Every structure is written in structure tokens, then in C-alpha cells.
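Undergrad: Build me a structure from this.
(chains A and B)
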Protein chains: 2
Amino acid sequence: MADTTDTGADEAEIRRLLEERAAAMRAKDVQASLARIAPDVVTYELAPPLRYAGDQARDPGGLQEWYDSFTGPVGIESRDLKVFVGGDVAFCHGLALLTGERAGGEKSRVWFRETVGLRRTGGRWEIVHAHASVPLYMDGSGKAALDLEP
Amino acid sequence: MADTTDTGADEAEIRRLLEERAAAMRAKDVQASLARIAPDVVTYELAPPLRYAGDQARDPGGLQEWYDSFTGPVGIESRDLKVFVGGDVAFCHGLALLTGERAGGEKSRVWFRETVGLRRTGGRWEIVHAHASVPLYMDGSGKAALDLEP
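TA: Numbering: from 1, shown residues only, chains lettered A, B, ... in the order given. Coordinates of the predicted model:
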């Protein structure tokens, strides 16, 4: 089957969307962070529970609280980002480095994995799924692997 | 843009592929487990490192070793599986319950999240990405959340 859409332009638009989302996080801007999240989104976050859906996954209060837990700026950088586009559906995956200083002076620095699923509705790409995680050590400690480097 | 493909049939085919993959896992069948994994796959597994790519993500020896670590059958059940298809690209997400008895009599029972990305190449759907994880507790313990229920 021949491609009927210019997936190169779609990929560029999706990469821009993700870059704007990262910029919103760095600016701790709740409204901008949620701007491209679909109403029926399902997310798998770093924190429990297993699954967030809809308004629970787009809760401005919860996000504000998380941003407020950083005393200074939030740093986010992505790496090895790969984008797949087909018609009105796309997904991407990559590694991300989150940095910042928490209340109490504790410095956070953690590499995690992220997969994002998108759907184009009314000509506009929206995030319908996001999955963020760290692996866990299989040494019986039950510890999350928070100190890995790519 | 009108749909030019019957995404209903594609979704059914992808659900069948995932069910065959689950059946291969229950049967501890290494070859069948890897049958639909693309050569350029990138996976984010429950265990470190952060990222597996290509042959490292399709290592029959490592998979055999993992299957051998179960003394009896491996149980895998999925829940809340959602599939998105657009042209030759698709992704799905859902929760999964892994059960089994490990060497030494230890019983495993863990709910995890999984996102799978697929691409159709030469008329055949293949897995190009898989992301499996559990959340981590944010109580300062650094523990992975292995005891959650959906």
C-alpha cells in the first residue's frame, strides 16, 4: 500500500508537540502541560496506581502539587526518541532525564522510559496514552532502578 | 480524511497476534514468543537495563533462562486492552497479571502495565516496541509497587 499522507510532516508536528510539552514542564505550566491531552486518555505513571484514566490523568491540582514539590526549575531532556506515524495514529518512545531539587534540598536525577500514543482528531494530534517507568532490580530487594544511566 | 482501511479487521488481527504471544508465553515456547518481534525492536522491560534493542531484545537464550526460572506453568492474563490502528501503524495498552512458581517455591503474582507498538511490513504486523512496567512507591522507600491490584 502506498503512503497517502506525508508522514514526514506528521512526524515533525508530533516532535514539536512533545517539545512543547517538555517546555511546559520546565516552565511548570499546568495548563500548557495538559493542553494536548485527550479527554479519554489512559496513562501509566511513575507513581501508583497502576492506571489513570480521563480526568484522573488530567488532574490540574495533582500536577500543580507535583510542580510545587520542586523548589527550583524542573529539568527534562529526551534521548533516542523514535516516532511511528500511520494515518491518524502515532506512537513514540524514548528515554528521558528528569532533574530538579525537591523541598528539603534533596536533588532528583532519574532516567526513565516513556512511550506516548497519539491520535489525530479534527486535524489535531492529541495524546491518548502515556506510559512512564523505571525498571526494577531483580535481586530480591524489590527496589526500583532509580540510578541507571543509558 | 476517510479511512481507507478496515481498521476493525486490523484490530482483530492485532488482538489475535497478542493472544498468540500470550499463549506462547504460557507454553514457555521461546521460538513462538519471538515469532512476531521485528529485527529493529526496542523494548523497555521490567528488568534493567533501561532499554533493549534488536538482538538484545530478541535473545532466545535469555528468554529460555527466564522461562526455566519457573518450575511450573507461566500464567498471563490481560485486562483493559485497548488497540489503536492507523494505516500500517498500531499501538495498544493494557494491564497484565503474571503468575507462576519460581525455583525455591516462591510464588510470583504481579500486575503490570504493558504498551505494545506495531508496524505492518510486507502485509504482516510485527512488534517494533514493547514497554512493561510496575509503578514505584513515592514514600521514600525506593520500592517497586509489586502488590497493586487494578
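Undergrad: Could you give the average pLDDT over the lengthiest strand in chain A?
TA: Ranked by number of residues, the top strand in chain A under DSSP state E is strand A:107-121. The average pLDDT for strand A:107-121 rounds to 97.
Undergrad: just checking, what packs against that strand?
TA: Here strand A:107-121 touches helix A:7-26, strand A:89-101, strand A:124-133, strand B:75-86, strand B:89-101, strand B:107-121, strand B:124-133, going by 3 or more CB pairs under 8 Å, 6 or more residues apart in numbering or on different chains; DSSP states H and E. In short, each C-beta sits where N, CA and C put it, glycine included.
Undergrad: now these in JSON lines, with mean neighbour count?
TA: Listed next are the helices and strands packed on strand A:107-121 as JSON lines, based on neighbours: other CB atoms under 10 Å in any protein chain shown:
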{"stretch": "helix A:7-26", "mean neighbour count": "16"}
{"stretch": "strand A:89-101", "mean neighbour count": "21"}
{"stretch": "strand A:124-133", "mean neighbour count": "21"}
{"stretch": "strand B:75-86", "mean neighbour count": "17"}
{"stretch": "strand B:89-101", "mean neighbour count": "21"}
{"stretch": "strand B:107-121", "mean neighbour count": "20"}
{"stretch": "strand B:124-133", "mean neighbour count": "21"}
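Undergrad: how about those, which one is nearest A:Pro60?
TA: Distance to A:Pro60, taken as CB to CB, is lowest for helix A:7-26 among those, at 12.3 Å.
Undergrad: Put the alpha carbons of the next helix-or-strand element following that closest one into PDB.
TA: Counting by DSSP states H and E, the element after helix A:7-26 in chain order, helix or strand, is helix A:30-34. The C-alpha trace of helix A:30-34 is given here as PDB (Å, rounded to 0.1, in the frame of the first residue of the first chain):
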ATOM      1  CA  VAL A  30      -0.100  23.200  34.300                       C
ATOM      2  CA  GLN A  31      -2.400  24.500  31.600                       C
ATOM      3  CA  ALA A  32       0.100  24.100  28.800                       C
ATOM      4  CA  SER A  33       1.100  20.700  30.100                       C
ATOM      5  CA  LEU A  34      -2.400  19.400  29.800                       C
END
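Undergrad: Packing partners of helix A:30-34?
TA: Under the contact criterion of 3+ CB pairs under 8 Å, 6+ apart, helix A:30-34 touches helix A:7-26, helix A:60-68.
Undergrad: I'd like to know which of these lies nearest to chain B.
TA: Chain B sits nearest to helix A:7-26 of all these, at 8.7 Å, using CB to the nearest CB.
Undergrad: Mind checking if that closest one is in reach of chain B?
TA: No - Helix A:7-26 does not reach chain B (CB under 8 Å from any CB of the partner chain); its nearest approach is 8.7 Å.
Undergrad: what's the angle from that helix to strand A:124-133?
TA: Calculated by axes from the mean of the first three to the mean of the last three CA atoms, to 10 degrees, helix A:7-26 forms an angle of 60 degrees with strand A:124-133.
Undergrad: Mean pLDDT and distance to A:Ala96 added to the helices and strands packed on helix A:30-34, as CSV?
TA: Output for the helices and strands packed on helix A:30-34, formatted as CSV (pLDDT from 0 to 100; distance: least, CB to CB, whole Å):
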stretch, mean pLDDT, distance to A:Ala96
helix A:7-26, 96, 8
helix A:60-68, 95, 15
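Undergrad: Of these, give the one that comes closest to A:Glu106.
TA: It's helix A:60-68; of the helices and strands packed on helix A:30-34, that one is closest to A:Glu106 (CB to CB) at 14.7 Å.
Undergrad: which outside residues touch that closest one?
TA: By CB atoms under 8 Å, 6 or more residues apart in numbering or on different chains, the residues outside helix A:60-68 that reach it are A:Lys28, A:Val30, A:Gln31, A:Ser33, A:Leu34, A:Val74.
Undergrad: filter those to the buried ones?
TA: With neighbours counted by 16 or more other CB atoms under 10 Å in any protein chain shown, the contacts of helix A:60-68 contain buried members at A:Lys28, A:Val30, A:Ser33, A:Leu34, A:Val74.
Undergrad: Any chance you could list what contacts stretch A:25-35?
TA: For stretch A:25-35, contacts defined as CB under 8 Å, 6+ apart pick out A:20-21, A:23-24, A:58, A:60, A:63-64, A:67, A:70, A:73-76.
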